[in-house]
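this one's sequence-less:
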DNA sequence: ACTAAATACTCACCTTGTTGAGTATAACGT
DNA sequence: ACGTTATACTCAACAAGGTGAGTATTTAGT
């Protein structure tokens, strides 16, 4: 039970079709719980069967019919009791950290490229978040309605997360550059260096 | 291909048995790519079959025999080429953020409890990381050998990550408390409030 | 009429992750 | 002798997630 919760949260916020949901999962909820379209449809079918959602076919002008999904009372109860149940902090699964941990296997320059790659990506995401903040949340927190304030807090988390990554990228790149200055003279290829720089 | 990389990184750092590996996945590599014992053994079997690892039975004094796993040349090449291949930033999957996003469904006090719960957990983890930093990485970065420096950087990332979460928890709790002061008078239960506080 | 694109949804297969139990060896305490 | 703990590893079943293709409907451009 995890994707189902993200779906409940999204449908509770605003009823929509499976197709719309998968679109919404590209932003908002999707920023901290992504799921593919196929995953969403599969989960929706299960949740409707279990009575947490109910769907009604809506005839539309100028486009195919859609099944509008709304949260049922059972669904809302499930959602609320899940929110109220204490959970453990979600574990991290991060490619880059695995790479850096095993960085001893490759040359500093190889790692540096990846760090810069990720630095760029985090910069772009941060910009996106900042734009959303400026457009949707320009009013002071005190006057925001309760549910909007909640959504704003998740955005604030995203901003802090990206800032934290960027600060670390700076630190890591600086720590690597202490090494690459020396290495610049040797001028070796990534895979050659692998064998060379190995301490064994 | 993801758990396999974390395994390669760990075995490359130091050859060990499957049992030892699963122990090591409780700390170090496991901090950013956890896997259960069963998952590890399953993956190890596959990787040995594919020739990325080779295992030899080692007779031990005073304990059962073990299969010591070492990385092969093929394994090291796979690892190095994976590290050198640019990747996308790993997506976030976070329970708490889903909860906060859907916080409009429950009363501020329910959310507050969960925030404090997570705040405590992050404090504990940060303490752990700081202890490791003090014990294992007290020397200045400039004099650390290359591979040690890499491992240190992952720890630094962990420290920043926890600090960032803690700062956000503070902010979120403050934003919630603007609300709970008002709510304290009404004195309602979580599930009752759900129906009451709903804006629909 | 034809094509491309957006909407709306489905099916099948495979890998990864989770749960829970089960086997065997040896040390250590009582 | 007996139970406990630590080491070392195995098996089975299922849920969750990822990949890729496929089917309609309707708009809009050429």
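That came in fine, so what should we check first? These numbers were taken from a predicted model, which means no experiment stands behind them.

rest of the way, CA atoms for contacts and neighbours
Noted.

So which residues of chain A form helices?
A:3-13, A:18-24, A:37-49, A:73-84, A:95-101, A:108-136, A:146-186, A:190-197 (DSSP state H).

anything in the first one sitting right up against DNA strand C?
No - looking at helix A:3-13 against DNA strand C by Cα under 7 Å from any atom of the strand, there are no contacts, and the closest approach is 12.6 Å.

ok and that helix relative to helix A:73-84, angle-wise?
110 degrees (axes from the mean of the first three to the mean of the last three Cα atoms, to 10 degrees).

Close to DNA strand C: what parts of chain A are there?
Counting by Cα under 7 Å from any atom of the strand, the residues of chain A near DNA strand C are A:17-20, A:37-38, A:41, A:60, A:63-68.

And those, which two are furthest apart?
A:38 and A:60 (23.0 Å; Cα to Cα).

if we can go back for a sec, which among the residues of chain A next to DNA strand C end up buried?
A:17-19, A:37, A:41, A:66, A:68 (16 or more other Cα atoms under 10 Å in any protein chain shown).

circling back: so which of the residues of chain A next to DNA strand C comes closest to residue A:108?
For the residues of chain A next to DNA strand C, the nearest to residue A:108 is residue A:37 (38.9 Å; Cα to Cα).

That closest one is in contact with residue A:22, isn't it?
Yes - counting by Cα atoms under 8 Å, residue A:22 is a contact partner of residue A:37 at 5.2 Å.

Okay, the closest residue to residue A:173 other than its chain neighbours and DNA strand D: tell me how far apart.
Nearest residue to residue A:173, sequence neighbours excluded (Cα to Cα, 6 or more residues apart in numbering or on different chains): residue A:112, at 6.4 Å. Separation of residue A:112 from DNA strand D (Cα to the nearest atom of the strand, to the nearest Å) stands at 25 Å.

To what extent is residue A:112 buried, counted in neighbours?
21 (other Cα atoms under 10 Å in any protein chain shown).

Kindly report the same for residue A:106.
Residues near residue A:106, counting by other Cα under 10 Å: 27.

now residue A:93
That count, for residue A:93 with other Cα under 10 Å as the rule, works out to 19.

Just to check, it is in contact with residue B:94?
No - counting by Cα under 8 Å, residue A:93 sits too far from residue B:94 to count as a contact (10.8 Å).

Can you check the pLDDT for the residue nearest to residue A:173?
Looking at residue A:112, its pLDDT is 96.

my read: it touches residue A:175, true?
No - Residue A:112 lies out of contact with residue A:175 (Cα under 8 Å); the separation is 10.0 Å.

dump the residue contacts of residue A:13.
Residue A:13 makes contact with residue B:102 under the criterion Cα atoms under 8 Å, 6 or more residues apart in numbering or on different chains.

would you turn the buried ones among the residues of chain A next to DNA strand C into a markdown table with distance to residue B:101?
Listed next are those as a markdown table, based on distance: Cα to Cα, whole Å:
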| residue | distance to residue B:101 |
| --- | --- |
| A:17 | 20 |
| A:18 | 19 |
| A:19 | 21 |
| A:37 | 21 |
| A:41 | 21 |
| A:66 | 26 |
| A:68 | 21 |
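
Let's have those residues in TSV, adding pLDDT.
Below are those laid out as TSV (pLDDT from 0 to 100):
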residue	pLDDT
A:17	93
A:18	92
A:19	93
A:37	94
A:41	95
A:66	89
A:68	93
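
for those residues, which one is nearest chain B?
residue A:37 (16.1 Å; Cα to the nearest Cα).

I'd like the distance between the closest one and residue B:140.
Distance of residue A:37 to residue B:140, computed by Cα to Cα, to the nearest Å: 49 Å.

and what of residue A:31?
Taken as Cα to Cα, the span from residue A:31 to residue B:140 is 37 Å.

out of those two, which sits in the more crowded spot?
The residue with more neighbours, out of residue A:31 and residue B:140, is residue A:31; 19 against 8, by other Cα under 10 Å.

doesn't residue B:92 make contact with that one?
Yes - using Cα under 8 Å, residue A:31 is in contact with residue B:92, at 6.9 Å.

Give the burial count for residue A:23, as a bare number.
Residue A:23 has 14 nearby residues by other Cα under 10 Å.

Please apply the same query to the one 3 residues further on.
Summarising burial for residue A:26: neighbours were counted as other Cα under 10 Å, giving 15.

isn't it right up against residue A:34?
Yes - here residue A:26 reaches residue A:34: they are 7.1 Å apart, a contact under Cα under 8 Å.

So what does residue A:86 look like in phi/psi?
phi -60, psi 140 (degrees, to the nearest 10).

thought it was touching residue B:116?
No - Residue A:86 is beyond contact range of residue B:116, at 10.1 Å (criterion: Cα under 8 Å).

can you pull the contacts of residue A:58?
A:65-68.

Next, count neighbours for the nearest residue to residue A:146 once chain neighbours are set aside.
Counting by Cα to Cα, 6+ apart, residue B:104 is the residue found nearest to residue A:146 once chain neighbours are left out, at 6.1 Å. Using other Cα under 10 Å, residue B:104 is surrounded by 25 other residues.
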